[in-house]
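Peer 1: just the structure for this:
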Amino acid sequence: MLNSDQTEIDLPPTHSESESVFSDCGRAGSVEDAGGVGLCAQSRVAEPGEAVKKDLQHLSREERRRRRRATAKYRTAHATRERIRVEAFNMAFAELRKLLPTLPPDKKLSKIEILRLAICYISYLNHVLDV
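Peer 2: This is a model prediction of the structure:
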């Protein structure tokens with residue numbers, strides 16, 4: 001609560017920008033003591049996740065990131081994204097494989113073999129165009 005001679009700069013560091021000045025109802029000098037209408041009773045109710053958020057505020061950015069990544073929801077979402085990425089990667093290799101001439105044409109090639117064969121085939125096509 002601000003006294004008449006205090007400015008916003010004098011606020012204690014416990015108040016964040018999103019917190020209401022009236023959230024400290026139990027402290028001396030509440031709104032009712034200052035002649036207010038009792039806004040303290042109408043101050044916002046703490047949400048369930050706020051205690052966790054306040055607990056995490058003192059942690060470093062890296063530690064908060066580690067804790068967020070440790071949740072089951074995050075791991076599931078990450079695994080889904082990774083599965084989609086790998087499937088797209090494999091489909092791209094399959095499409096590239098279809099464009100490359102090999103004997104027999106249905107021979108199974110590893111990814112590195114596909115890349116090496118593609119390099120050789122591209123250099124062969126460049127050589128044909130140059131001649």
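Peer 1: packing partners for the helix or strand containing A79?
Peer 2: Using DSSP states H and E, A79 falls within helix 72-99. For helix 72-99, the elements it packs on are helix 61-69, helix 111-130, judged by 3 or more Cβ pairs under 8 Å, 6 or more residues apart in numbering; DSSP states H and E. For every residue, glycine as well, the C-beta is placed using N, CA and C.
Peer 1: can you tell me which of those helices the model trusts least?
Peer 2: Note on these: helix 61-69 shows the lowest mean pLDDT, a mean of 85.
Peer 1: now that helix against helix 72-99, angle please.
Peer 2: 80 degrees (axes from the mean of the first three to the mean of the last three Cα atoms, to 10 degrees).
Peer 1: which residues touch helix 61-69?
Peer 2: For helix 61-69, the surrounding residues in contact (Cβ atoms under 8 Å, 6 or more residues apart in numbering) are L56, L59, Y74, R75, H78.
Peer 1: report how many residues lie close to the last one.
Peer 2: Per other Cβ atoms under 10 Å, the neighbour tally for H78 reads 11.
Peer 1: next one: the second one
Peer 2: As a burial measure, L59 scores 12 neighbours (other Cβ under 10 Å).
Peer 1: apart from its chain neighbours, what residue comes closest to it?
Peer 2: Leaving aside its chain neighbours, L59 sits nearest to R67 (7.5 Å; criterion: Cβ to Cβ, 6 or more residues apart in numbering).
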